[in-house]
Structures are given as structure tokens and as C-alpha cells.
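Chemist: Sequence below, structure please.
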Amino acid sequence: MDVSPQAPYLAGFLLGASLIVAIGGQNAFVLRQGLLQAHRFPVALFCALSDAVLIAAGVGGLGVAVQEYPRALAVIACIGALVLVWYGVQALRRAFHPHGLTADTHAHSSSVWRVIATCAGFTWLNPHVYLDTVLLIGSLASAWPAPGPRLLFAIGAATASFAWFFALAYGARLLAPVFRKPMAWRVLDVLIAIIMWSIAIKLLLAFIVH
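Modeler: The predicted model follows:
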């Protein structure tokens, strides 16, 4: 059966977009770097490339391994929860220290490697990344004939990640006038702390309690 090249690509793009456009630790971090206009390109590129690697792994069959080793996901959940709690504490500290609430103050306060390391924690220590990106996308990709249409499906999903992260990192500057006020930064950091801690609790409940 002949498959139009646009069909698997579009299906992958829409699936990737539906999974990635959600409030989470990684997106909150990218948004904040975008508002600060600090290390936007390396952060967006790292997130997009990480997604591309995970998507390729899922389409390549790693999803089966993820299903067979639930304990590995539980360990990742514990470590990921600790990272989220730590970053939530840092965000709350920033919210209560007015001298750190301007974009100019924050823009160069962290080296690019430290920023990427933090971003890596949000990306690779989140078990939901493996369930969504590797398992779900990998499973749905198997519905397309190999190798051509399946590859296009994966490319479509990866394209959605690139489009989203770069749009989030560079589009955040449109909100810059709002965040010239210290109170806006204070509110953002409090929300980030709440998001981080909420995700950490959900991770522990999902992979430890049950």
C-alpha cells in the first residue's frame, strides 16, 4: 500500500506537538531562560536534540525495554523528584530576594554548562519522558510501514520538538515588558516552584507508592 509522505510526517508532528505542549519542569525552565534571554539557543537545541534521540530510540524499539524494566523507571523517578524539589527551592529563594528579579541580573549569573546540566536533569531524569516519547511514540510509529513512512513519522515528531522549544525560548521575549516589573518575576518563580514540587509529588506517587 502506497503511503503519502505527508501523512506519516503530519501524524508524527501532531502527536509530538500534543505531547510536548504542556506545563512541566522542562518547559518552565526553557520559558524562564527565554525571558532572561540567557543561553536560549543551547537550551532549546539541547531539549530538541534530546527529544530527537528519545524519539529515534522509541521508533527503534527501546520502548520494549522500557516496559520490561519498571524498576529502572522508579529509580529515575526518585532522582528526578529530587532534582525538581531542589530547583523548586531555588525558584522560591529567587522569589523572596528582590535583587535577583531583573533580567539583567540573571542573564549571565549561570554558566552555559550549569544551565545545560540543569536542563539535562529535567529532560533525562523524568520517567514520563520515556513513557511518552519512547513508549507511546515508539508504539504508534509501528503502525506505519518501515522504513520510509515510519522514519517520516519520527522526523515529524522530532520537528515538533524543535519548533516548540525554539518558539518557547525566543518567543518568550514578547513577554519581556511584563517582566520588567519585579513582581512579575516573583510570581513566575513562585509558579515554577509549585509546578516543580507538584510534578515531584506525582512522580513519587506514581512510581513509588504504587
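
Chemist: what pLDDT does Pro70 get?
Modeler: We have a pLDDT of 68 for Pro70.

Chemist: Can you find the helix or strand in this structure with the smallest mean pLDDT?
Modeler: Least confident helix or strand of the chain, by mean pLDDT, DSSP states H and E, is helix 103-107 with a mean of 47.

Chemist: what comes up buried for whatever helix or strand comes next after it?
Modeler: Once helix 103-107 ends, the next helix or strand along the chain (criterion: DSSP states H and E) is helix 112-124. By 16 or more other Cβ atoms under 10 Å, the buried positions in helix 112-124 come out as 115-116, 118-119, 121-124. (Each C-beta comes from the backbone N, C-alpha and C, glycine too.)

Chemist: try stretch 7-15
Modeler: 8-9, 11-13, 15.

Chemist: Take those residues and write them to JSON lines, including pLDDT and secondary structure.
Modeler: Output for these, formatted as JSON lines (pLDDT from 0 to 100; DSSP: H, G, I helix; E, B strand; the rest coil):
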{"residue": "Pro8", "pLDDT": "85", "secondary structure": "helix"}
{"residue": "Tyr9", "pLDDT": "90", "secondary structure": "helix"}
{"residue": "Ala11", "pLDDT": "87", "secondary structure": "helix"}
{"residue": "Gly12", "pLDDT": "87", "secondary structure": "helix"}
{"residue": "Phe13", "pLDDT": "91", "secondary structure": "helix"}
{"residue": "Leu15", "pLDDT": "85", "secondary structure": "helix"}
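
Chemist: Columns pLDDT and distance to Leu92 on top of the buried residues of helix 112-124, output as a markdown table?
Modeler: Converted to a markdown table, the buried residues of helix 112-124 look like this (pLDDT from 0 to 100; distance: Cβ to Cβ, whole Å):
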| residue | pLDDT | distance to Leu92 |
| --- | --- | --- |
| Val115 | 91 | 19 |
| Ile116 | 93 | 23 |
| Thr118 | 87 | 16 |
| Cys119 | 89 | 19 |
| Gly121 | 85 | 17 |
| Phe122 | 82 | 17 |
| Thr123 | 85 | 22 |
| Trp124 | 87 | 24 |
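
Chemist: could those residues go into JSON lines alongside distance to Leu45?
Modeler: Listed next are the buried residues of helix 112-124 as JSON lines, based on distance: Cβ to Cβ, whole Å:
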{"residue": "Val115", "distance to Leu45": "12"}
{"residue": "Ile116", "distance to Leu45": "10"}
{"residue": "Thr118", "distance to Leu45": "15"}
{"residue": "Cys119", "distance to Leu45": "10"}
{"residue": "Gly121", "distance to Leu45": "17"}
{"residue": "Phe122", "distance to Leu45": "15"}
{"residue": "Thr123", "distance to Leu45": "12"}
{"residue": "Trp124", "distance to Leu45": "15"}
